[in-house]
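Here is the input, now give the coordinates:
(2 chains)
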Amino acid sequence: MSKVPAELRYTKSHEWVRAAGDGFVVGITDHAQDLMGDMVFVELPKTGTRLVAGKECAVVESVKAASDIYAPFSGEVTEINAALAQAPETLNSDPYGAGWLFKMGGVEGQALEGLLDAAGYEALLAQET
Amino acid sequence: MGHRTPLYEQHIKAGARMVDFGGWDMPLHYGSQIAEHHAVRTAAGIFDVSHMRAVDIRGPDARPFLRYMLANDVAKLAVPGKALYGCLLNEQGGILDDLLTYFVAPDWYRLVVNAGPAQQDIAWLRRHVASWAVEITPRPDLAMIAVQGPRAYTLAHGVLEPDTHAALLQLKPFSAVLSGDLFVARTGYTGEEGFEILLAAERAPALWEAFVRHGVVPAGLGARDTLRLEAGMNLYGRDMDATVSPLEAGLAWTVSLTPERDFLGREALLALRERGVALRLTGLLLAGPGVLRAGQEVRGAWGEGVVTSGTFSPSLAHGIGFVRVPQAAPDGALCEVVGRSGQGNPARLVAPPFVRNGRALID
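Here you go, the predicted model:
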């Protein structure tokens, strides 16, 4: 079974979001990395990019497939995980930790409410399988 | 649910991610296909290839029958034990399948064909038996295991019976031997040293487990695909099918067009050669980061091409693939691969193979 940490919020497109200070950290879920297999390439937005909720903003590629990453909400990229360029496999080994993709700031206060909680995401996974 | 090989339980126990391949439930990987790839390049891996079908062709006319049916000439197989790679063609010269032919005895050849086209191949062979004195016997009772990598022979010591291991060490490349009830061949699909074993299905699980106990790493179809691509080997259904001839698939070397032998597809190939073969298959290396995918368009000063197989090469850490291009497109030529958002990614045509025996052949 894929890990679905209780403290995170989730999108239907398999990104996770963690509140951190006055911003948010974004990554892909354990389920997503498991489905895709060995990651070999990550293309991240530049710091400072304005993201629009639901629009593609990054690409992760495994040996098997390329997959778009969608912005969980609108806001600005404040930091990217540059280490992934040299070690994309971190997305497989630690999707909720060292495999984070980017951080966002300038996000509306209510933004998290549009996302799934862990129970909601688990229900989504149960539907998909 | 697809067909299951005799090793299905072993895959499930090892935590394999199973996928459909040619109607069979096969392991894609057992956790990490890249780790499995490196295991084969640096040590040894074991593949279940029982979905491939052995077909025995026996009888006094086995040789003339296969000389007529196959684009490569089994008369090249001078002594029993030798193996030959080649294609089964239709009358239009299109590739119905690619296969290995083992010369077991003067009245006995063994073909190993791909899983997907197997039933069609068998029907095709039977349709052309006519008055040839041959018997065509598919062997679904046999399992097939491939052990590949620089340590394959060393690790086989202690797994195989001493006689069989000794016979294996004597084998020349592209040869096989019947040892007890094992059919052992020094062949493979990875570009590494190694061997393949055909044996009774019910004996396969114990042999598989013995290899794994001795340190041979189970490897799935994912690693098999990256290994064969690096090794410059075509995949049927991707790099070739019934709509292309061997001359357009990088397989002209497997076609024996000697004047004295007629074979199915010969007329069409001669006509094609007369008209001029417009396309060829070659390798493609992506310059920057990323992965090549089948179906991507490629543009260069030489014209346009299409990627037939693409992947990320774990050995080279670059996107690699095969591409069908105009005949005149030269290896070494620069080009652009059209990316997902329409952008052109710099790449270069290269002559495969990319990697052989653990060594990169492309800089």
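
For A:Tyr70, list each beta-bridge partner.
Note on A:Tyr70: beta-bridge partners A:Glu56, judged by DSSP bridges.

for it, what are its contacts?
A:11, A:13, A:15, A:54-57 (C-beta atoms under 8 Å, 6 or more residues apart in numbering or on different chains). C-beta here means a position set from N, CA and C on the backbone, and glycine is covered the same way.

ok, so of those residues, who is nearest B:Thr42?
B:Thr42 lies nearest to A:Glu15 out of those, by C-beta to C-beta, at 35.4 Å.

ranges for the helices of the stretch 101-250 of chain B?
For the stretch 101-250 of chain B, the helices defined by DSSP state H, counting those that start in this stretch cover B:118-127, B:152-156, B:162-170, B:204-213, B:221-230.

Among those, show me which one is buried the most.
Comparing these by mean neighbour count (mean count of other C-beta atoms under 10 Å in any protein chain shown), helix B:221-230 comes out on top with a mean of 26.

Contacts for that one, please.
A:37-38, A:63-64, B:19, B:21, B:26-29, B:33-34, B:36-37, B:39-41, B:45, B:47, B:148, B:189-192, B:235, B:309, B:311-316, B:320-322, B:353-355.

hmm, try it at 7 Å
A:37, A:63, B:19, B:21, B:26-29, B:33, B:36-37, B:40, B:45, B:47, B:189-191, B:235, B:309, B:311, B:313-315, B:320, B:353-355 (C-beta atoms under 7 Å, 6 or more residues apart in numbering or on different chains).

what's the following helix or strand after it?
Per DSSP states H and E, the first helix or strand lying C-terminal to helix B:221-230 is helix B:266-275.

Name the residues that touch the helix ranked longest in chain A?
Using DSSP state H to define each element, chain A has its longest helix at helix A:118-128. Helix A:118-128 is contacted from outside by A:2, A:4-6, A:8, A:10, A:12, A:31, A:116, using C-beta under 7 Å, 6+ apart.

change it to 8 Å
Contacts of helix A:118-128 (C-beta under 8 Å, 6+ apart): A:2, A:4-8, A:10, A:12, A:29, A:31, A:116.

Considering those, which member attains the minimum pLDDT?
Across these, the bottom pLDDT score, 89, is held by A:Ser2.

and that one, what does it touch?
A:Ser2 sits next to A:29-31, A:34, A:125 when contact means C-beta under 8 Å, 6+ apart.

secondary structure class for it?
Assigned with DSSP: H, G, I helix; E, B strand; the rest coil, A:Ser2 falls in the coil class.

Report the separation between it and A:Tyr96.
Distance, A:Ser2 to A:Tyr96, using C-beta to C-beta, to the nearest Å: 11 Å.

what do these two both touch?
A:29-30.

Please list the residues of chain B that sit near chain A.
B:17, B:28-29, B:32-34, B:222, B:226, B:289-291, B:293, B:311-312, B:314, B:340 (C-beta under 8 Å from any C-beta of the partner chain).

got the residue ranges for the helices in chain A?
Secondary structure of chain A by DSSP H: the helices cover A:30-36, A:90-93, A:118-128.

List the buried residues for the longest one?
Read it as helix A:118-128. A:121-122, A:124-125 (16 or more other C-beta atoms under 10 Å in any protein chain shown).

now, among those, which is nearest to chain B?
Proximity of the buried residues of helix A:118-128 to chain B, judged by C-beta to the nearest C-beta, is greatest for A:Leu125, which lies at 16.1 Å.

now, which of the contacts of helix A:118-128 lie within strands?
In strands, defined here by DSSP state E, the members of the contacts of helix A:118-128 are A:Tyr10.

Hmm, B:Val338 is touching B:Gln296, no?
Yes: with contacts counted by C-beta atoms under 8 Å, B:Val338 reaches B:Gln296, the gap being 6.1 Å.

so the residue nearest the centre of chain A bridges to which residues?
Central residue of chain A (C-alpha atoms, centre = their mean): A:Gly27, 2.5 Å from the mean position. Assessed by DSSP bridges, A:Gly27 has beta-bridge partners A:Trp16.

Give the full set of residues in contact with it.
For A:Gly27, the contacting residues are A:15-16, A:18, A:91, A:95-96, A:99-101, by C-beta under 8 Å, 6+ apart.

Can I get those in TSV including pLDDT?
Output for the contacts of A:Gly27, formatted as TSV (pLDDT from 0 to 100):
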residue	pLDDT
A:Glu15	98
A:Trp16	98
A:Arg18	96
A:Leu91	97
A:Pro95	98
A:Tyr96	98
A:Gly99	98
A:Trp100	98
A:Leu101	98
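
Compare those and tell me which has the most neighbours.
Among these, A:Trp16 has the most neighbours (other C-beta atoms under 10 Å in any protein chain shown), with 29 neighbours.

sorry, back to before: name the nearest of the contacts of A:Tyr70 relative to B:Arg126.
Checking the contacts of A:Tyr70 against B:Arg126 with C-beta to C-beta, the nearest one is A:Ser13 at 50.5 Å.

ok, the closest one - contacts?
Contacts of A:Ser13 (C-beta under 8 Å, 6+ apart): A:69-70.

How many neighbouring residues does residue 7 have?
Using chain A. Using other C-beta under 10 Å, A:Glu7 has 10 other residues around it.

my bad, chain B
Applying other C-beta under 10 Å, we find 27 residues neighbouring B:Leu7.

cool, and B:Tyr30?
As a burial measure, B:Tyr30 scores 19 neighbours (other C-beta under 10 Å).

Likewise for B:Asn72?
A count of nearby residues for B:Asn72, using other C-beta under 10 Å, gives 24.

same question, B:Ala347
28.

Please name the bridge partners of it.
Applying DSSP bridges to B:Ala347 gives these bridge partners: B:Leu286, B:Cys335.

isn't it right next to B:Glu336, touching?
Yes: counting by C-beta under 8 Å, B:Ala347 touches B:Glu336, with 6.6 Å between them.

any common contacting residues for these two?
Residues touching both B:Ala347 and B:Glu336 (C-beta under 8 Å, 6+ apart): B:Val298.

For residue 29, which residues are in contact?
No chain was given, so I picked chain A. A:Thr29 neighbours (C-beta under 8 Å, 6+ apart): A:2, A:4, A:10, A:14-16, A:95-96, A:121.

Correction: the question concerned chain B.
A:37-38, B:16-17, B:36, B:219-223.
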